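Peer 1: Return atomic coordinates for the entry below.
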Amino acid sequence: MKSKGKMIEDFDILIASIALVNHCVIVTNNVDHFSRIDELQIENWISAIG
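Peer 2: Numbering: from 1, shown residues only. From the prediction side, this is the model:
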């Protein structure tokens, strides 16, 4: 990702790795950052309300 200029913040990587290892879904309004990580399940409950 670094070569493509698409860096992911350290804490986002930490959150994503914990979710992947534990087969959890990440609930966030920050879908753009996490959507670059393959196999990560993401839900945005804010957009589901609107």
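Peer 1: Quick check: which helices or strands does the strand or helix carrying residue 11 pack against?
Peer 2: Using DSSP states H and E, residue 11 sits in helix 10-21. Packed against helix 10-21 by the contact rule (3 or more Cβ pairs under 8 Å, 6 or more residues apart in numbering; DSSP states H and E) you find strand 25-27, helix 31-34. Where you see a C-beta, it was placed from the backbone N, CA and C, and this is true even at glycine.
Peer 1: which parts of the last one are buried?
Peer 2: Neighbour counts over helix 31-34 (16 or more other Cβ atoms under 10 Å) mark 33-34 as buried.
Peer 1: Now do it: distance to the chain's middle.
Peer 2: On the basis of Cα atoms, centre = their mean, to the nearest Å, helix 31-34 sits 5 Å off its chain's mean C-alpha point.
Peer 1: Pull the residues that contact that helix.
Peer 2: Residues outside helix 31-34 that contact it (Cβ atoms under 8 Å, 6 or more residues apart in numbering): 8-9, 12, 15-16, 26, 28, 40, 42, 44, 47.
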